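Sharing a model that was predicted from the sequence below.
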Amino acid sequence: MRDWVRTLIIAAIVAPTPLLGEHVWVEGESGKAENVVPHGWYRSVRAQDLSGGDWLANFGSKGPAFASYEVIVPVAGRYTLWSRANPIGAVLHVQVGGDEGKWVKVPIAEEKYDVLNIASDGKPDLRFLAWAKVGPVSLRAGKTTLRFRMSSSNRNHGGLDCFCLTTDANWRPSKALKPGDSKDWPAPKLTDGNLRKWGDFIRPSEEDLAWRGVRWHRHLDEAAEEARQLGRPILLWAMNGHPCGET
């Protein structure tokens, strides 16, 4: 077996080292909800993509919807707050420390990470999740309160899957994995007998390739009209090459 093939496969399957530091992970559906209106279509999502198998979802309330969470901070320190919420046309604010704290806008639409379509039918509509970094907060040890507010122009819609407070400033979220969930695997011993197995393991799954099902428009005016109706940006894919596309 070629040495470079072994090296590439080992590099692809060895996970990062475990994370250090304190963290608090809270499920969105565990909060005390106020003015939250459940909606059958909006809640029709893939439970396997959600942390804890559920989320707090609002669609149709006449005014802002709220959710309050009492969390226990293990040690005093500077924490980074991350939230996993709906990034499509949704407006989300958070207040740390109860009524004494200021409302801060969660940059879920502007600075989103790890965007995922969670619609049960796979349609590219409002049912998405993404992580957003709210920023650092200094917390005392013991009980504190966090409140989230959904106030979107489209029926105040919004969804909160979970949020995380961590003292590890280098942590970056990935789907519903909590800090420290990724295990440090030992590098496997590759042989001619198991090379195909590990090669198949690192190749993208059908779920990973779901983006191929996204509908593209051949004409910019059609894309612009759909983007206007859905309130979304346009991704323009163009190339400068052979007029017959033979490049």
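Yep, that arrived.

Tell me how many other residues crowd the residue nearest to V106 when sequence neighbours are not counted.
Spatial nearest neighbour of V106, excluding adjacent residues (CB to CB, 6 or more residues apart in numbering): L92 at 4.3 Å. Yep, even glycine has a C-beta here, placed from its N, CA and C like the rest. Using other CB atoms under 10 Å as the criterion, L92 is surrounded by 24 other residues.

Tell me if I'm right that L92 and G159 touch.
No. If you go by CB atoms under 8 Å, L92 and G159 don't touch, sitting 9.1 Å apart.

what sits in contact with each of those two?
A85, N86 (CB atoms under 8 Å, 6 or more residues apart in numbering).

Identify the bridge partners of S174.
L177 (DSSP bridges).

circling back: show the contacting residues for the residue nearest to V106.
Taking CB under 8 Å, 6+ apart, one finds S83, A85, N86, K105, V106, I108, F148, R149, M150, G158, L160 in contact with L92.

one more time with 7 Å
Counting by CB atoms under 7 Å, 6 or more residues apart in numbering, L92 makes contact with A85, V106, I108, F148, M150, G158.

Give me the local confidence score for it.
pLDDT for L92: 97.

what are the phi and psi values for it?
phi -130, psi 130 (degrees, to the nearest 10).

can you tell me how far it sits from L146?
12 Å (CB to CB, to the nearest Å).

quick one: which helix or strand includes the residue nearest the centre of the chain?
By CA atoms, centre = their mean, the mean C-alpha position of the chain lies nearest to A130, the distance being 2.7 Å. Following DSSP states H and E, one finds A130 within strand 128-139.

Would you mark the buried spots in stretch 109-124?
Within stretch 109-124, the residues scored as buried using 16 or more other CB atoms under 10 Å are A109, K112, L116, N117, I118, A119.

Need the residues you listed in TSV (columns: secondary structure).
Converted to TSV, the buried residues of stretch 109-124 look like this (DSSP: H, G, I helix; E, B strand; the rest coil):
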residue	secondary structure
A109	coil
K112	strand
L116	strand
N117	strand
I118	coil
A119	strand
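
Out of these, give me the two with the largest separation.
A109 and A119 (18.1 Å; CB to CB).

show me where pLDDT drops low in the protein?
Counting by pLDDT under 70, the chain shows low-confidence ranges at 1-20, 182-188, 240-247.

The residue nearest to W82 when sequence neighbours are not counted and V96, how far apart?
Closest residue to W82 apart from its sequence neighbours, by CB to CB, 6+ apart: C164 at 4.8 Å. For C164, the distance to V96 equals 13 Å [CB to CB].

and if you look at E206?
Taking CB to CB, one finds E206 at 40 Å from V96.

could you say which helix or strand contains the residue nearest to W82?
C164 is part of strand 158-166 when elements are defined by DSSP H and E.

got it, and R196?
helix 195-202.

Give the helix, strand or coil label for A223.
helix.

Could you pull up phi and psi at Q48?
Main-chain torsions, Q48, degrees, to the nearest 10: phi -70, psi -20.

Check the burial of it by counting its neighbours.
9.

can you check the one 3 residues further on too?
The local packing of S51 (other CB under 10 Å) involves 21 other residues.
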